[in-house]
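Asks: can't give you the sequence, but here's the structure:
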């Protein structure tokens, strides 16, 4: 059963989404909270993984060595972390996620400007095509933490692609739900 506060929050978020839909969302820092500043800066090499690799990115990218860029947890976190609370179709209440903006990851790897699609690949080989423009239209997050805790593979981790459904309820509709890939392990940029 949903509480009155939850329902009022959803209604307020829906009303806000109508207002925000005409403005560039990524520039609207009210959509998310900055948790940590990036230690990685554009134009510098992406830190080589020292821990277990949790994300591999291939395809039309400039920063590729041997055709891929590999990130460990520290490498992803070096891109700067953000946080927002949003409802999902898989949790009872709005959930607080913390992670890296997908747009920042694409900047770091030098995604080719002609690329249009990101194929998100889960650890179990589930694949979902995501329009690259989503990363620039919305603050789509590669979430590393759920409610303050790193996610294990049993709990949607180590990475869950999360859309800001608190900004637009349609980001949780049937078509969009397929883009919320959990247990993300790879991205192919095409």
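Replies: All right, it came through fine. Only a predicted model underlies this, so the values are computations on that prediction, with no experimental measurement involved.
Asks: report the buried residues of the strand or helix carrying residue 119.
Replies: Per DSSP states H and E, residue 119 falls inside strand 117-122. Neighbour-count burial for strand 117-122 flags 118-122 (criterion: 16 or more other CB atoms under 10 Å). C-beta here means a position set from N, CA and C on the backbone, and glycine is covered the same way.
Asks: just those residues now: which is nearest residue 49?
Replies: The closest of the buried residues of strand 117-122 to residue 49 turns out to be residue 121 (CB to CB; 17.9 Å).
Asks: so what's that closest one up against?
Replies: Contacts for residue 121 were tallied using CB atoms under 8 Å, 6 or more residues apart in numbering; they are 127, 181, 184-188.
Asks: run the last query once more with 10 Å
Replies: Residues in contact with residue 121 (CB atoms under 10 Å, 6 or more residues apart in numbering) are 56, 58, 127-128, 181, 183-188.
Asks: could you export these as TSV, including pLDDT and distance to residue 108?
Replies: Conversion of the contacts of residue 121 to TSV gives the following (pLDDT from 0 to 100; distance: CB to CB, whole Å):
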residue	pLDDT	distance to residue 108
56	97	14
58	96	14
127	97	22
128	97	21
181	96	19
183	97	22
184	98	16
185	98	18
186	98	16
187	98	12
188	98	16
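Asks: of those, which pair is most distant in space?
Replies: 58 and 183 (17.8 Å).
Asks: if you rank the contacts of residue 121 by neighbours, which is first?
Replies: When neighbours are counted by other CB atoms under 10 Å, residue 187 leads those with 27 neighbours.
Asks: my read: it touches residue 76, true?
Replies: No - counting by CB atoms under 10 Å, residue 187 sits too far from residue 76 to count as a contact (11.9 Å).
Asks: mutual contacts of the two, please.
Replies: 55, 105, 142, 159.
Asks: of all those residues, which comes closest to residue 169?
Replies: residue 142 (21.9 Å).
Asks: check what pLDDT that closest one gets.
Replies: Predicted confidence (pLDDT) for residue 142: 98.
Asks: from residue 32, how far out is it?
Replies: 13 Å (CB to CB, to the nearest Å).
Asks: now stretch 108-121: mean pLDDT?
Replies: The model assigns stretch 108-121 a mean pLDDT of 96.
Asks: hmm, residue 148 is touching residue 85, no?
Replies: No - contact criterion CB under 10 Å: residue 148 and residue 85 do not qualify, at 11.3 Å.
Asks: shared neighbours, these two?
Replies: Joint contacts of residue 148 and residue 85 (CB under 10 Å, 6+ apart) are 96-97.
Asks: what about the two, which has more around it?
Replies: Set side by side, residue 148 and residue 85 show more neighbours around residue 85, with 16 against 9, by other CB under 10 Å.
Asks: sounds good, over and out.
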